[in-house]
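Student: Build the 3D model from these lines:
(chains A and B)
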Amino acid sequence: MVNTMIDDLSLDRTYAALADSTRRGLLVALRDGPARITDLAAPLPMSFAAVARHVGVLESAGLIDREVRGREHWLSVRSAGLQPAEDWIADQVSFWSLRADALAARLERRKRQP
Amino acid sequence: MSADRSVTITRVLPAPPDIVYDEWLDPVGMLEWMCPRPARAVKISLEPAVGGPLRIDIEDSGSSLYVTGTFVELDRPRRLRFTWSCSDWADPTVQSLVTVTLTEHGADETLMTIEHEQLPPEQAGSHRRGWGRIAVQLGDAIRERSS
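Tutor: Numbers count the residues shown, from 1 in each chain, chains lettered A, B, ... in the order given. Below you'll find the predicted structure:
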């Protein structure tokens, strides 16, 4: 029960982090490889500070990693952070896939014994 | 966000659309396929009319849960649409929507599409909650680029 609650809290953070188009955009921008906040901010119509705040939200949700190299902070996607969301969708898909397969099997049986 | 919280599956079934359509409204036949193992549908009752109720009682690994819904559209043999609420969701009163679309596919076959929309944003199952297809697409896109 306690584990479930901790899990729910972290998933709430992940969910909140994804519910913003700027932050999703940052994740997509990081597809090309690690980048600094300066690099991420350059093409965006917002301040460095605003981008840094969004990065902080993504980081605390476990969606990005930060690596400090000297004075520079390099950010990269932590794709494992999206896994719970993907698992949940996979569960919903398999729910209906199993039923569709079972219906196909029933129809096959009916065909053989009209 | 509701459009993001949906799943779609398609299957080719070995029977024409009218037969497949009738399977979706046969509470006895449905016991056989509606809850494949390890889950088991123990009782299904429905009233095949727009506004009519649907209820599926399920036993899953020792626990009991049930799905309730209402038929929203019945267009034989092309389309069925019903609401879907589940007793083990965080909020069991949330109504999601299931649309089953049947189209002819070759001789005596049907292409069946099941779309489940408006799934609850927070799934209180044993340990998982989710937030939709957008995360999956994002994950795929990220892996595609990084591989």
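Student: Between its first and last residues, what's the separation in stretch B:77-91?
Tutor: Chord length of stretch B:77-91, first to last residue, is 33 Å (C-alpha to C-alpha, to the nearest Å).
Student: neighbouring contacts of it?
Tutor: Here stretch B:77-91 makes contact (C-beta atoms under 8 Å, 6 or more residues apart in numbering or on different chains) with B:16-18, B:20-21, B:24-25, B:54, B:63, B:65-74, B:92-103, B:116, B:120, B:122-125, B:129. All C-beta atoms are positioned from the backbone trio N, CA, C, and that covers glycine.
Student: mind redoing it with 7 Å?
Tutor: Here stretch B:77-91 makes contact (C-beta atoms under 7 Å, 6 or more residues apart in numbering or on different chains) with B:17-18, B:21, B:24, B:54, B:65-74, B:92-102, B:120, B:122-125.
Student: do the same with stretch B:52-67
Tutor: Residues contacting stretch B:52-67 (C-beta under 7 Å, 6+ apart): B:34-35, B:38-47, B:68-71, B:82, B:84-88.
Student: What about those residues, which are in helices?
Tutor: Members of the contacts of stretch B:52-67 lying in helices (criterion: DSSP state H): none.
Student: Taking those, please make a ChimeraX selection of just the buried ones.
Tutor: Of these, the buried ones can be selected in ChimeraX as follows, counting by 16 or more other C-beta atoms under 10 Å in any protein chain shown:
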select /B:34,35,39,41,44,46,68,69,70,71,82,84,85,86,88
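Student: The residue nearest to B:T101 when sequence neighbours are not counted: what secondary structure?
Tutor: The shortest distance from B:T101 to any non-neighbouring residue, by C-beta to C-beta, 6 or more residues apart in numbering or on different chains, is to B:T113 (4.5 Å). Here B:T113 is recorded as strand under DSSP: H, G, I helix; E, B strand; the rest coil.
Student: partner strands of the longest strand seen in chain B, parallel or antiparallel?
Tutor: If you go by DSSP state E, chain B has its longest strand at strand B:63-75. Neighbouring strands of strand B:63-75 in its sheet, by DSSP bridges, are strand B:53-60 (antiparallel), strand B:79-86 (antiparallel).
Student: who does the next helix or strand along the chain from the last one pair up with?
Tutor: Toward the C-terminus, strand B:79-86 is succeeded by strand B:96-104 as the next helix or strand (DSSP states H and E). For strand B:96-104, sheet partners with direction are given as strand B:79-86 (antiparallel), strand B:110-117 (antiparallel), following DSSP bridges.
Student: what's the last one in contact with?
Tutor: For strand B:110-117, the surrounding residues in contact (C-beta under 7 Å, 6+ apart) are A:92, A:96, A:100, B:6-13, B:15-17, B:20, B:96-105.
Student: give me that answer again for 8 Å
Tutor: For strand B:110-117, using C-beta under 8 Å, 6+ apart, the contacting residues are A:92, A:96, A:99-100, A:103, B:2-3, B:5-13, B:15-17, B:19-20, B:84, B:96-105.
Student: Counting neighbours, which bits of that strand end up buried?
Tutor: Under the neighbour-count criterion of 16+ other C-beta under 10 Å, strand B:110-117 has B:110-112, B:114-117 buried.
Student: What I need now is these written out in TSV, including pLDDT for each item.
Tutor: What follows is the buried residues of strand B:110-117, written out as TSV (pLDDT from 0 to 100):
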residue	pLDDT
B:T110	91
B:L111	92
B:M112	91
B:I114	89
B:E115	89
B:H116	87
B:E117	85
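Student: Closest to A:L30 out of these?
Tutor: B:E117 (30.0 Å; C-beta to C-beta).
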